[in-house]
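In: Sharing a model that was predicted from the sequence below.
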Amino acid sequence: MKVNGTPYRSIWPNKNGWSADIIDQTRLPHEFIIKTLSSLQDAAEAISVMRVRGAPLIGATAAYGLALAMHEDTTDEYLERAVKTLLATRPTAVNLRWALSRMQQVLSVSPAGERVTKAYAMATKICDEDVAINHAIGQHALGVIRDLWQQKPAGTESFHILTHCNAGWLATVDWGTALSAIYQAYDDGIPIHVWVDETRPRNQGAALTAWELQSHGIEHDVIVDNAGGHLMQHGQVDMVITGTDRTARNGDVCNKIGTYLKALAAFDNDVPFYVALPGPTIDWQMRDGVNGIPIEKRDSVEVTHVTGKTATGQIESVQITPDGVSASNYAFDVTPARLVTGLFTERGVCDASEDGLLGLYPEQAGSGL
Ligand code: MRU
């Protein structure tokens, strides 16, 4: 997508031919800083401190992390150590495990002398595929959005979509998942307005989704996380679309903390609740998302403090709780499949169920059992 007229991806090869460049998302929306990852440690650090985040981008960065590791040392021991280091960065998004095992399958059977070239080629492939997948997700979602829009009474001015967290191009290599649907509906002429959940504690909605939508010229309002239920009760939300970090085989979807509450409110108010995901976000081995998906717990400082721009333009973090308070920071929750109207994937739209998913990915019928 474009930033001030220049097309960007969220990760791309540095011109030195071996490093990878990223947009440091911890600095957005106030500063647009490009950071170069030049080692396995750089890649692991970028994922854990969330310079890069979002399930597909975590996978893509891990792929580059292994390529950087091979640039450092092509031995089997180092390959194994690098996989372990990257796997330990964040536990919930399954794209991390998916990208690493895809890379490892190729690298483990390649002679040491070929590993560097193969690792970079595979990292590039994973990124290019992600872009194509996310574009296709938006194309399939467009049909559903168009149908819902056409059901609105004549004279309706806007079609209101609520989204949570950031499932935009910054969370993927390009396009995004939930926002790919929104971009393509807007580009198709549907008068989209987006309710953007701020998404405490890290405010990915307020900081990143709002920045993306503003850059694309899409009307939006940032709302506090608890406003969605009220808006739905009063007919001001036509549809909810979120992303997901891991979708279980049974259609349960894990996403940023607070998504479950939005799904409950949507269910209670008959608001369609859709989740957009690329195939690599499906964990075919996970039969029960609610009870099985590991939920990341992050530093409580993310809850006790907020970071923002002061009146003098400084970026500062301030404490909002009493000194010494105890805080818990659960980063994700799982929405049971029964609350999900449907899934937008690169292969089409399906029910949130094992049958629905297998209808689109029949080759996975025997996997993970
Ligand atoms: O903690 P984050 O910012 O990595 O969480 C991101 C999300 O929850 C996104 O909604 C999810 O990764 C889907 S992005 C296409």
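Out: Ah, there it is.
In: what residues are up against the residue nearest to residue 163 when sequence neighbours are not counted?
Out: Of all residues not flanking residue 163 in the chain, residue 178 sits nearest, at 5.3 Å (CB to CB, 6 or more residues apart in numbering). Where C-beta positions appear, they are placed from N, C-alpha and C, glycine not excepted. For residue 178, the contact set (CB atoms under 8 Å, 6 or more residues apart in numbering) comprises 163, 167, 168, 241, 242, 243, 275, 276.
In: quick one, what contacts whichever residue of the stretch 201-350 of the chain sits closest to the ligand?
Out: The nearest approach of the stretch 201-350 of the chain to the ligand comes at residue 243, 2.7 Å away (CB to the nearest ligand atom). Counting by CB under 8 Å, 6+ apart, residue 243 makes contact with 54, 55, 165, 167, 171, 176, 177, 178, 255, 275, 276, 277.
In: Quick check on the residue lying closest to it once chain neighbours are set aside: phi, psi?
Out: Of all residues not flanking residue 243 in the chain, residue 167 sits nearest, at 2.8 Å (CB to CB, 6+ apart). Torsion angles at residue 167 (phi, psi; degrees, to the nearest 10) stand at phi -120, psi 50.
In: Hmm, residue 364 is touching residue 358, no?
Out: Yes. Here residue 364 reaches residue 358: they are 6.5 Å apart, a contact under CB atoms under 8 Å.
In: roughly how far out does the longest helix along the chain sit from the chain middle?
Out: Selection of the longest helix in the chain by residue count, based on DSSP state H, yields helix 112-150. Here helix 112-150 is found 13 Å from its chain centre; the criterion is CA atoms, centre = their mean, to the nearest Å.
In: List the buried residues of that helix.
Out: 115-116, 118-120, 122-124, 126-127, 129-131, 133-142, 144-145, 148-149 (16 or more other CB atoms under 10 Å).
In: looking at it, residue 64 is touching residue 9, isn't it?
Out: No. Counting by CB under 8 Å, residue 64 does not reach residue 9; the two are 11.8 Å apart.
In: Count residues in the vicinity of residue 355, would you?
Out: 10 (other CB atoms under 10 Å).
In: actually residue 351, sorry about that
Out: Residue 351: 15 neighbours (other CB under 10 Å).
In: now it: how far from residue 148?
Out: Using CB to CB, to the nearest Å, residue 351 is found at 17 Å from residue 148.
In: that older thread, the more surrounded of residue 64 and residue 9?
Out: A side-by-side neighbour count of residue 64 and residue 9, using other CB under 10 Å, places residue 64 first with 31 against 21.
In: returning to that earlier point: so which of the contacts of residue 243 are in strands?
Out: Of the contacts of residue 243, the ones assigned to strands by DSSP state E are 255, 275, 276.
In: residues in contact with stretch 258-271?
Out: 162, 164-165, 197, 199-200, 225, 228-229, 232-233, 237-240, 242, 253, 272-273, 333-335, 339-340.
In: Now the buried members of these.
Out: Taking 16+ other CB under 10 Å as the criterion, what is buried in the contacts of stretch 258-271 is 162, 164-165, 197, 199-200, 225, 228-229, 232, 237-240, 242, 253, 272-273, 333-335, 339-340.
In: Take those and keep only those in strands.
Out: Going by DSSP E, the strands hold 162, 197, 239, 240, 242, 253, 273, 333, 334, 335 from these.
In: Nearest the geometric middle of this protein, what residue?
Out: Residue closest to the mean C-alpha point of the chain, counted by CA atoms, centre = their mean, is residue 54 at 3.2 Å.
In: Now that residue: closest residue in space that isn't a chain neighbour?
Out: Using CB to CB, 6+ apart, the closest residue to residue 54 is residue 171 (2.3 Å).
In: for residue 302, same thing?
Out: That would be residue 201: by CB to CB, 6+ apart, it lies 4.3 Å from residue 302.
In: wait, what's in contact with the one you found?
Out: Contacts of residue 201 by CB under 8 Å, 6+ apart are 302, 303, 306, 329.
In: Is it correct that the third one is in contact with residue 318?
Out: Yes. Using CB under 8 Å, residue 306 is in contact with residue 318, at 6.2 Å.
In: Can you name the residues of the stretch 101-250 of the chain that neighbour the ligand?
Out: 165, 167, 171, 172, 176, 177, 204, 243, 244, 245 (CB under 6 Å from any ligand atom).
In: Give me the subset of those that lies in helices.
Out: In helices, judged by DSSP H, the following of those are found: residue 204.
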